[in-house]
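Colleague: sequence unknown, structure follows:
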Ligand code: PMP
């Protein structure tokens, strides 16, 4: 079938090629130890599943309200006030099909053709395509490890043009695991204010911050009216498969998202909404417990990585990713990743799949048991020893 011209040159990304290779190896009965997956290994808690089943039996099987059920929107507000001090009301909340679709809908509603959006490299791969797919132009700023993968005010100023409309922010960040400090956030806020920019703040990993604390961008003074917060229950509540995310934004944007929903999804799965509502109201202790498990895993992997020749790993700050620098091995990100997969049976992602600034790094997801992670480190250690 003839595809639209705009998709004619679409090739699988560096990330998708690895996923395809993992699938092939698994089908051939040779599954790698898979440290490439960006989702918690924990299954959804049984009481959350029960809440969904209960709601189905109670008759919540019809189309949902377009912005989402009001009890869920209230639960989102209560969660963000309780955890991050953000004051929002349900009219400012839109429930989406995961955080990923939320970002697409937001960019669709905000961008005019040619509008530039600042994106900090390395970035969550879909974002550049999402900006382009909605008529915008991604303008990347290459961040560096020595600055904690944060842009400096000078770099922000140098990247801005009269066409700059917005900033795409993601802290805790995928793939670098960096957490922007309050001061760094404030510098970005001052820049956004001075240039009158919107800020799409992807805070999907807000519940996983080790050491410091998460700064909610919208909660910074004066930022709420220019910020669109993206969150969700995929990571915090181990509910990736439920496809449930949300937006906290000015009311006129929420209303536009509802209008667009009428010709796209017509709301979000009712049972997933009921499960998420229950989850947001009841799982704070579980979140803390899992966060401690991720922190311990990351510390253990980081220690092993730093003992390997040619590898340097900065401390884990947030999310569940480590982003070690492997350039000391003499291999590029892609070479390292493919050889590690083929020669040692360990799957990670090349840093270059997240933009050019990721070259020299690999992304390791600590989303497997401690035992699997340590077995993978054992194999990686032998692999790197043989290289040097
Ligand atoms: N933002 C970031 C930074 C992510 O890593 C992910 C998932 N990998 C998402 C958004 C999307 O999450 P979901 O659609 O499952 O809510």
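Modeller: That came in fine, so what should we check first? The model shown is predicted, which means the values in this text are computed figures rather than measured ones.
Colleague: what is the burial count for the closest residue to residue 43 other than its chain neighbours?
Modeller: If the residues on either side of it in the chain are set aside, residue 43 comes closest to residue 238, at 6.5 Å by Cβ to Cβ, 6 or more residues apart in numbering. Just so you know, the C-beta spots here come from the backbone N, C-alpha and C atoms, and that holds for glycine as well. Residues within reach of residue 238, counting by other Cβ atoms under 10 Å, total 22.
Colleague: I'd like to know how far residue 238 sits from residue 300.
Modeller: 21 Å (Cβ to Cβ, to the nearest Å).
Colleague: do the same with residue 153
Modeller: Residue 153 is 36 Å from residue 300, by Cβ to Cβ.
Colleague: likewise residue 346?
Modeller: 16 Å.
Colleague: more neighbours: which of these two?
Modeller: Ranked by neighbour count (other Cβ under 10 Å), residue 346 and residue 300 place residue 346 first, with 22 against 15.
Colleague: show the contacting residues for the more buried one.
Modeller: 32, 33, 35, 340, 376, 379, 380, 383 (Cβ atoms under 8 Å, 6 or more residues apart in numbering).
Colleague: one more: residue 274?
Modeller: 51, 52, 54, 55, 60, 69, 72.
Colleague: test my guess that the first one contacts residue 278.
Modeller: Right, residue 51. Yes. In this structure, residue 51 is within contact of residue 278 by Cβ atoms under 8 Å, at 3.6 Å.
Colleague: who has more neighbours, those two?
Modeller: Comparing residue 51 with residue 278 by other Cβ under 10 Å, the one with more neighbours is residue 278, at 23 against 19.
Colleague: shaky segments in this structure?
Modeller: Of all residues in the chain, none has pLDDT under 70.
Colleague: which residues of this protein fall in strands?
Modeller: 33-34, 93-96, 116-121, 137-142, 164-170, 198-202, 227-232, 245-248, 321-322, 346-347, 349-350, 362-365 (DSSP state E).
Colleague: and the protein, split by domain according to the record?
Modeller: Domain segmentation of the chain under automatic domain parsing yields 9-38+285-387, 46-282.
Colleague: now render those domains as TSV, adding distance to the ligand.
Modeller: Below are those laid out as TSV (distance: least, Cβ to the nearest ligand atom, whole Å):
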stretch	distance to the ligand
domain 9-38+285-387	4
domain 46-282	3
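Colleague: next, format the ones you listed as a markdown table and append distance to residue 1.
Modeller: Below are those laid out as a markdown table (distance: least, Cβ to Cβ, whole Å):
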| stretch | distance to residue 1 |
| --- | --- |
| domain 9-38+285-387 | 14 |
| domain 46-282 | 20 |
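Colleague: show me where the protein has helices.
Modeller: Residue ranges of the helices in the chain, as given by DSSP state H, are 14-27, 46-57, 70-84, 98-110, 126-133, 153-159, 182-195, 251-261, 270-282, 284-306, 333-339, 370-387.
Colleague: and the first one, what's buried?
Modeller: I take that to be helix 14-27. Buried residues in helix 14-27, defined by neighbour count with 16 or more other Cβ atoms under 10 Å: 14, 15, 17, 18, 19, 21, 22, 25.
Colleague: and if you look at the longest one?
Modeller: Taking 16+ other Cβ under 10 Å as the basis for neighbour counts, the residues of helix 284-306 that come out buried are 286-287, 290-291, 293-295, 297-298, 301-302, 304-305.
Colleague: can you tell me which residues contact the residue nearest the centre of the chain?
Modeller: Residue closest to the mean C-alpha point of the chain, counted by Cα atoms, centre = their mean, is residue 174 at 5.2 Å. For residue 174, the contact set (Cβ under 8 Å, 6+ apart) comprises 38, 124, 205, 319, 321, 354.
Colleague: change it to 7 Å
Modeller: 38, 124, 319, 321 (Cβ atoms under 7 Å, 6 or more residues apart in numbering).
Colleague: which one among these gets closest to residue 115?
Modeller: Distance to residue 115 across the contacts of residue 174 (Cβ to Cβ) is lowest for residue 124, with 19.5 Å.
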